[in-house]
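> need the 3D shape of this:
(one chain, ligands or ions: 1)
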Amino acid sequence: MVLYPMHFRYPKKLIVIAFAVLMLAACGGHKENTPLYIHAGFEIGTAVGAKEFATDSLFRAILVREFNSITAENIMKMAHLQPVEGVFQWAKADSLAAFCARYNKRLHGHALNWYLSTPAWAKAYAGDSAALENILKNHITRVVEQFKGKAASWDVVNEAILDSTGAYRKSIWYNTLGPEYIARAFTYARAADPDALLFYNDYSLTSDTVKRAAVLALIAELKANNVPIDGIGLQEHIYMDSPSIDEIRKALKEFVATGLLIHISELDISFNHFEKPPVYLSFTDSMAQWQRERYRQVVAAYTELVPDSQKYGITMWGFADKYTWVCSYFDQPDWPCLYDTTLSAKPAYQGFVEGLKVR
Ligand code: G3I
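All right, here's what the predicted structure looks like:
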């Protein structure tokens, strides 16, 4: 046995204290690293872009660690899945579905019918309504069957109501089939997979009161007619300065009253307004703290106001500023996500966690 001189030996008490401090630090550290979805106790999802999914291993690691629900950002839309009439390309969506199965992530299908992702061949359709009805039915049936048992849920109809007026949006589907195409889309989806949960999904539902009233009326009508709708998707591509948190809370209560599942389906919080000259050109610390508080409030509103039985979860429309659709789509700077352009968590991430703690 080696006997150390007294000044090299640590008193027992000190060792015990050091050990306790180390354990506490480890627990504290672990708490800091708790994934978002574990904090939540309900599903926390993100949209996933095909390119970063295929090429960025850090992106995939964060995806697996933090989220337990995945929505394809683009590759399950009609224009991608059926680019030519009757020709379906499944490869990318199949591989995302396999990833979800492998890592035990919920797959939320997006979107079976959306005017903006209607492929050119269908948009240009000029035949009779029965043939277009068949195209609608065939697309929904083929896609839902392909992901039967893999996709837990679907955005069946996306953005069928117009901003400000609340009128039906004109599209090849509405113009040719009338407003009943919405109900029939849900019926076709239910027939193809009776176990999948079916959502109506739209934007500006917490900011545009006329549109919100129209969507609530649509939901009431669908329910009155026994159309198989299970949930409502509130996209929530919102801004730092609007809508107010009071307006968001009011809207959430109104949607909760429908009794449907509530999915915040596409959350991101931008500084610059879309299609207006950008006001913010760089991201400062005080903006980061402001955004942290905004995320806290929005997430707290959902956590607090939506009963557990109606929570379908909160899905980010992309989790990182590096890949956000906002900058490329509108060709302007912004920082709407929880992670930055180096894939490091921002203060917004902390705000999100804080918002989950009101439970
Ligand atoms: O397909 C080309 C690709 O070949 C090319 O490499 C790339 C280069 O920029 O452009 C490509 O397509 C773009 C595609 O995103 C993939 O990046 C389209 O031009 C672009 O219009 C498309 O935008 C998507 C948009 O929906 C329209 O489908 C966004 O990524 C996607 O975030 C956005 O998502 C929508 C939801 O589905 C519904 N709610 C609103 C939300 C935001 O607009």
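> can stretch 221-240 be said to contact the ligand?
Yes. Interface with the ligand: stretch 221-240 contributes Gln235 (Cβ under 6 Å from any ligand atom). C-beta coordinates here come from the backbone N, C-alpha and C atoms, glycine included.
> first-to-last residue distance for that stretch?
Stretch 221-240 stretches 33 Å from its first residue to its last (Cα to Cα, to the nearest Å).
> buried residues, that stretch. List them.
Using 16 or more other Cβ atoms under 10 Å as the test for burial, stretch 221-240 gives 222, 227-240.
> specify which member of those is nearest to the ligand.
Nearest to the ligand among the buried residues of stretch 221-240, counting by Cβ to the nearest ligand atom, is Gln235 at 5.3 Å.
> thinking again about what came up before, could you list which of the buried residues of stretch 221-240 belong to helices?
If you go by DSSP state H, the buried residues of stretch 221-240 have Leu222 in helices.
> what residues are up against Met252?
No, residue 252 isn't Met; it's Leu. Contact partners of Leu252, counting by Cβ atoms under 8 Å, 6 or more residues apart in numbering, are 206, 234, 262, 301-302, 305-306.
> now, those residues that are in helices?
Those of the contacts of Leu252 lying in helices (DSSP H): 301-302, 305.
> kindly reformat the residues you listed as CSV containing pLDDT and neighbour count.
Below are these laid out as CSV (pLDDT from 0 to 100; neighbours: other Cβ atoms under 10 Å):
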residue, pLDDT, neighbour count
Ala301, 98, 22
Tyr302, 98, 25
Leu305, 98, 18
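> closest one of the residues you listed to the ligand?
Closest to the ligand, out of all of those and judged by Cβ to the nearest ligand atom, is Tyr302, at 18.2 Å.
> the closest one and Ile314 touch, don't they?
Yes. Counting by Cβ atoms under 8 Å, Tyr302 touches Ile314, with 5.9 Å between them.
> quick check: neighbours shared by the two?
By Cβ under 8 Å, 6+ apart, the residues touching both Tyr302 and Ile314 are Ile264.
> confirm that Asn201 sits in a strand.
Yes. Under DSSP: H, G, I helix; E, B strand; the rest coil, Asn201 falls within a strand.
> identify the residue nearest the residue of the stretch 251-359 of the chain at minimum distance from the ligand in space, chain neighbours excluded?
Per Cβ to the nearest ligand atom, the residue of the stretch 251-359 of the chain with the smallest distance to the ligand is Trp325, at 3.2 Å. Distances taken as Cβ to Cβ, 6 or more residues apart in numbering put Gly318 closest to Trp325, at 6.3 Å, once the chain neighbours are dropped.
> what bridges to the nearest residue to Asp230 once chain neighbours are set aside?
Using Cβ to Cβ, 6+ apart and skipping residues adjacent in sequence, the residue nearest Asp230 is Leu197, 4.3 Å away. Applying DSSP bridges to Leu197 yields these beta-bridge partners: Ser153.
> need the mean per-residue confidence for stretch 148-164.
The average pLDDT for stretch 148-164 rounds to 98.
> list the buried ones in that stretch?
150-161, 163.
> what does stretch 284-298 give?
288, 290-298.
> dump stretch 72-92 to PDB, restricted to CA.
Output of stretch 72-92 as PDB, limited to C-alpha atoms (Å, rounded to 0.1, in the frame of the first residue of the first chain):
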ATOM      1  CA  ALA A  72     -42.700  15.500 -44.500                       C
ATOM      2  CA  GLU A  73     -42.200  19.100 -45.600                       C
ATOM      3  CA  ASN A  74     -42.900  18.400 -49.300                       C
ATOM      4  CA  ILE A  75     -42.500  14.800 -50.400                       C
ATOM      5  CA  MET A  76     -45.900  13.500 -49.400                       C
ATOM      6  CA  LYS A  77     -47.700  16.200 -51.400                       C
ATOM      7  CA  MET A  78     -49.700  15.300 -54.500                       C
ATOM      8  CA  ALA A  79     -47.300  17.200 -56.900                       C
ATOM      9  CA  HIS A  80     -44.400  15.100 -55.500                       C
ATOM     10  CA  LEU A  81     -46.200  11.700 -55.200                       C
ATOM     11  CA  GLN A  82     -48.100  11.800 -58.500                       C
ATOM     12  CA  PRO A  83     -46.200  14.100 -60.800                       C
ATOM     13  CA  VAL A  84     -47.700  12.300 -63.900                       C
ATOM     14  CA  GLU A  85     -51.200  11.000 -63.900                       C
ATOM     15  CA  GLY A  86     -51.200   7.400 -62.600                       C
ATOM     16  CA  VAL A  87     -47.400   7.400 -62.000                       C
ATOM     17  CA  PHE A  88     -46.600   7.400 -58.300                       C
ATOM     18  CA  GLN A  89     -43.100   8.000 -56.900                       C
ATOM     19  CA  TRP A  90     -42.900   6.600 -53.400                       C
ATOM     20  CA  ALA A  91     -39.100   6.200 -52.800                       C
ATOM     21  CA  LYS A  92     -38.400   9.300 -50.700                       C
END
